[in-house]
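Novice: All I have is the shape, not the residue letters:
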C-alpha cells in the first residue's frame with residue numbers, strides 16, 4: 001500500500017496563515033525555494049523579499065509590491081502580476097511563461113535571460129529594464145514603455 005505525503009514548507013504555511021489573518025506586509029522575508037503555487041497573495045508587500053528559485057506559478061499577485069525583490073530563477077509561469085510593482089526586482093533567469101504583467105511596473109528590473117514567452121506586457125513599464133538575452137517570443141508588448149531598456153540579444157523566436 002502506497003501512502004501519499006504532502007510536504008508543506010513551514011515558511012509557506014506561516015505566510016499563508018498570516019495572510020489569511022489580514023497581514024499583508026512580508027517585506028524582506030526570506031522565502032527562497034518556497035512553494036506558493038496557485039495561492040492568492042493580492043496586494044501583499046513582498047518588497048525586498050528573497051524569493052529566488054521559488055515556485056509562484058499560477059499565483060495571484062495582483063497589485064503586489066515586489067520592488068527590489070530577488071526572484072532569480074523563480075517560476076512565475078501563468079502568474080497574475082497585473083499592476084504589480086516589480087521596480088528594481090531581480091528576475092534574472094525567471095520563468096514568466098504566459099504571465100500576466102499588464103500595467104506592471106518593471107522599471108530598472110533585471111530580466112536577464114528571463115523567459116517571457118507568451119507573457120502579457122500590455123502597458124507595462126519596462127523603462128531602464130535589462131532584457132538582455134530574454135525570451136520575448138510571442139510576448140504582448142503593446143503600449144509597453146521600453147524607454148532606455150537594454151535589449152541586447154533578445155530571443156525573438158523559439159530555438
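Specialist: That came through, no problem. All of these numbers come straight from a predicted model, not from anything done at the bench.

Novice: ok, which stretches of this structure are strands?
Specialist: For the chain, strands defined by DSSP state E do not occur.

Novice: Do you have the helices of it handy? List them.
Specialist: Using DSSP state H, the helices of the chain run over 10-20.

Novice: what residues are up against the most centrally placed residue in it?
Specialist: By CA atoms, centre = their mean, the chain has its centre lying nearest to residue 76, at 5.1 Å. Residues in contact with residue 76, defined by CB atoms under 8 Å, 6 or more residues apart in numbering, are 56, 57, 59, 61, 91, 94, 95, 96, 99. Yep, even glycine has a C-beta here, placed from its N, CA and C like the rest.

Novice: try 7 Å this time
Specialist: The contact partners of residue 76, by CB atoms under 7 Å, 6 or more residues apart in numbering, come to 56, 57, 94, 95, 96, 99.

Novice: Can you pick out the most distant pair from those?
Specialist: Farthest-apart pair in the contacts of residue 76 is 57 and 94; separation 11.0 Å (CB to CB).

Novice: For these two, work out which one has more neighbours and name it.
Specialist: residue 94 (30 against 19; other CB atoms under 10 Å).

Novice: Report the contact partners of the more buried one.
Specialist: So residue 94 contacts 71, 72, 73, 74, 76, 114 (CB under 7 Å, 6+ apart).

Novice: Repeat that for residue 103.
Specialist: 82, 83, 123, 124 are the contacts of residue 103 under CB under 7 Å, 6+ apart.

Novice: Touching, residue 131 and residue 151? I think so.
Specialist: Yes. Counting by CB atoms under 7 Å, residue 131 does reach residue 151; the two are 5.1 Å apart.

Novice: Looking at these two now, which is surrounded by more residues?
Specialist: Applying other CB under 10 Å to residue 131 and residue 151 shows that residue 131 carries more neighbours, namely 24 against 14.

Novice: What confidence value was assigned to the residue nearest to the centre of the chain?
Specialist: Predicted confidence (pLDDT) for residue 76: 98.

Novice: same deal with residue 9?
Specialist: For residue 9, the pLDDT comes out at 79.

Novice: check contacts around it.
Specialist: By CB under 7 Å, 6+ apart, residue 9 lies in contact with 34, 35.

Novice: same thing with the one 3 residues further on?
Specialist: Going by CB under 7 Å, 6+ apart, residue 12 touches 34, 35, 36.

Novice: and what of residue 35?
Specialist: So residue 35 contacts 9, 12, 55 (CB under 7 Å, 6+ apart).
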